[in-house]
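Colleague: Show me the folded form of this:
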Amino acid sequence: MTIKIDNETYYTVKDLVKILGLSEMTIRTYLKKGIIKGNRPTNKFWYIRKENLKLFLEGKKQRIFGNIFHKLNG
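Modeller: Here you go, the predicted structure:
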């Protein structure tokens, strides 16, 4: 369930499971490693800002296209 606080949208891990099609464990691993930036204010639940999700998706897109470009021109 997305949460709005002061005009900021935050996603939960379960939201990202639906949006990204990744397992809950993978998303939690990404959060712990900082691959996806999130906050855990209660040390129980993760909250991910919409902006951080966009940054993750942009980075993922750049890695995919970068690899394709490298293979085509390598």
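
Colleague: Any stretches of this protein with poor pLDDT?
Modeller: Scanning the chain for pLDDT under 70 picks out the ranges 61-74.

Colleague: could you redo the last one with a cut-off of 90?
Modeller: 1-7, 41-44, 57-74 (pLDDT under 90).

Colleague: Helices along that one, start to end?
Modeller: 13-20, 24-33, 50-73 (DSSP state H).

Colleague: and the second one, which residues are buried?
Modeller: This means helix 24-33. 27-28, 30-31 (16 or more other C-beta atoms under 10 Å). Every C-beta, even on glycine, is put in place using the N, C-alpha and C of the backbone.

Colleague: Show me what that helix is in contact with.
Modeller: 13-14, 16-17, 20, 22, 35-38, 40, 46, 48, 56 (C-beta atoms under 8 Å, 6 or more residues apart in numbering).

Colleague: Try it again at 7 Å.
Modeller: Identification of contacts with helix 24-33 by C-beta atoms under 7 Å, 6 or more residues apart in numbering yields 13, 16-17, 36, 38, 46.

Colleague: Output that helix as CSV, restricted to C-alpha atoms.
Modeller: Taking C-alpha atoms only, helix 24-33 is exported to CSV below (Å, rounded to 0.1, in the frame of the first residue of the first chain):
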residue,chain,number,x,y,z
GLU,A,24,10.3,-10.1,-1.7
MET,A,25,13.7,-11.6,-0.7
THR,A,26,15.4,-10.0,-3.7
ILE,A,27,13.9,-6.6,-2.9
ARG,A,28,14.9,-6.8,0.8
THR,A,29,18.5,-7.8,-0.3
TYR,A,30,18.6,-4.8,-2.7
LEU,A,31,17.5,-2.5,0.2
LYS,A,32,20.1,-3.9,2.6
LYS,A,33,22.8,-3.6,0.0
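
Colleague: by how many degrees do that helix and helix 13-20 diverge?
Modeller: Interaxial angle of helix 24-33 relative to helix 13-20 (axes from the mean of the first three to the mean of the last three C-alpha atoms, to 10 degrees): 110 degrees.
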